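S.K.: Predicted coordinates and the sequence they were generated for:
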Amino acid sequence: MPDLLRYRPEFPILAHTNYMISNSLGAMPRTVYEAMQGYAEMWATRGVRAWEERWWMLAIEVGNEIGALMNAPANSVSVHQNVTTCQAVVASCFDFSGKRNKIVYDDLNFPSVMYFWEAQRPLGARVHMVKTDDGIHVPTDRLLDAIDDETLLVPISHVIFRSSYIQDARAIIEKAHKVGARVVLDTFQSLGSVPVDAQALNVDFCCGGVLKWLCGGPGVGYLYVRPDLGKKLEPKLTGWFAHENSFEFATGPIRYTDPPLRFMNGTTHIPALEACRPGLQIITEVGVERIRERSKRQTARLIELADHHGWRVNAPRDPERRGGTVAIDMPDSQAVSRELLARDILVDWRPRAGVRFSPHFYNTDEEVDGAIAAVAAILNEKARVSA
């Protein structure tokens, strides 16, 4: 798919860096400079008028742009600062004091999400964490067995951050709905790299952020709420944006407006919203299906090369169950990661995973091969020094 490489000039860092870390922070589009300049000009020249002329509706516009990438209906995606806040908004819609107060997820969930749900125990939440065996795959049957008629919410990752394992979201959602539970699907490591269809999955809630595969930078999380739920849920984590007439400045209880603002709270983060739009536009133009096809081929190449060197691969072998990242645990992997960074080959390292390599649609096959060749060279140099 050489046509995808025509987008490389849109990302300045690619001119001097082997950027293999889109699972952590996507490369910045060059037009973010223009977007931020536009934000500054708006503030400088229009002052407070910027709110009615652009800023007030910006959250809805960006939410719809994100929603289109997951086939979400219009006005069903609200924006927040991060995934933890998104999950807190969801939690605030429910009561943990009754018999249905069980929270089910697996031990490969992202830690920030775990920390939040563990903190709900004093409010009555019963957290059930399903144990995994190999640190890579989530045993679907074990997770399904844990979802019962006392389960309230199932907050799971679509793609596991540590191993890039793609969970069987459809089976989990179907089981949850069968017993009356709701699923909160974290698509941070999938949307933009792995196709997501919120309507086809019939998922209740979907959250994530734009800073990774969507190349949108930090500060923008998204929360999809299925429209039928969006009309009746009343989040307790709320604020003036969620009021039916925000500029009425009424005292007393909130009167909820319609989604997506219904699930928002205080004043929005305008600079981050402006900064994320160029990345969303590029991903939309490229198309997630094409990105996925390229990703499967390049991650397969990473596994092939790791196998050739005899290094442990901490990622699924099945391409249909593998996201956009391959974690490789070679000897002295943390030190290797530091040395790769020093050589302008950007990766990251995670405990019980190793070095994570995450090529995106703008990476060349030569960069994939070059990153692994650099690892081999680093290990050879270390061996010579030790000899």
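M.R.: Yep, it's here. Keep in mind that this is a model prediction, so the values were computed, not measured.
S.K.: All the strands of the stretch 201-350 of the chain, in order from the start?
M.R.: Counting by DSSP state E, counting those that start in this stretch, the stretch 201-350 of the chain has strands at residues 205-209, 221-225, 312-313, 326-329, 345-346, 348-350.
S.K.: Make a markdown table out of the ones you listed and add distance to residue 29, mean pLDDT and mean neighbour count.
M.R.: Glycine gets a C-beta too; all of them are placed from N, C-alpha and C. Shown next, in a markdown table, are the strands of the stretch 201-350 of the chain (distance: least, Cβ to Cβ, whole Å; pLDDT from 0 to 100; neighbours: other Cβ atoms under 10 Å):
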| stretch | distance to residue 29 | mean pLDDT | mean neighbour count |
| --- | --- | --- | --- |
| strand 205-209 | 16 | 98 | 28 |
| strand 221-225 | 18 | 98 | 28 |
| strand 312-313 | 31 | 98 | 16 |
| strand 326-329 | 25 | 98 | 26 |
| strand 345-346 | 17 | 98 | 22 |
| strand 348-350 | 21 | 95 | 19 |
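S.K.: Would you mind saying which of the ones you listed lies nearest residue 50?
M.R.: Ranking the strands of the stretch 201-350 of the chain by proximity to residue 50 (Cβ to Cβ) places strand 221-225 first, at 22.7 Å.
S.K.: Contacts for that closest one, please.
M.R.: Strand 221-225 is contacted by residues 63, 66-67, 70, 72, 76-83, 85-86, 89-90, 198, 203-210, 233, 259-260, 263 when judged by Cβ atoms under 8 Å, 6 or more residues apart in numbering.
S.K.: Could you list which of those belong to helices?
M.R.: Among those, the ones falling in helices (DSSP state H) are 63, 66-67, 83, 85-86, 89-90, 198.
S.K.: for those residues, which one is nearest residue 14?
M.R.: Of all the ones in helices among the contacts of strand 221-225, residue 14 sits closest to residue 66, with 23.9 Å by Cβ to Cβ.
S.K.: now the end-to-end length of stretch 44-60.
M.R.: 23 Å (Cα to Cα, to the nearest Å).
S.K.: From the chain's centroid, how far away is it?
M.R.: On the basis of Cα atoms, centre = their mean, to the nearest Å, stretch 44-60 sits 28 Å off its chain's mean C-alpha point.
S.K.: And the helices in the stretch 1-150 of the chain?
M.R.: 32-46, 50, 56-69, 83-91, 111-118, 140-146 (DSSP state H, counting those that start in this stretch).
S.K.: so which of those helices is the most packed in?
M.R.: Highest mean neighbour count among the helices of the stretch 1-150 of the chain (mean count of other Cβ atoms under 10 Å): helix 83-91, with a mean of 22.
S.K.: Much appreciated, bye for now.
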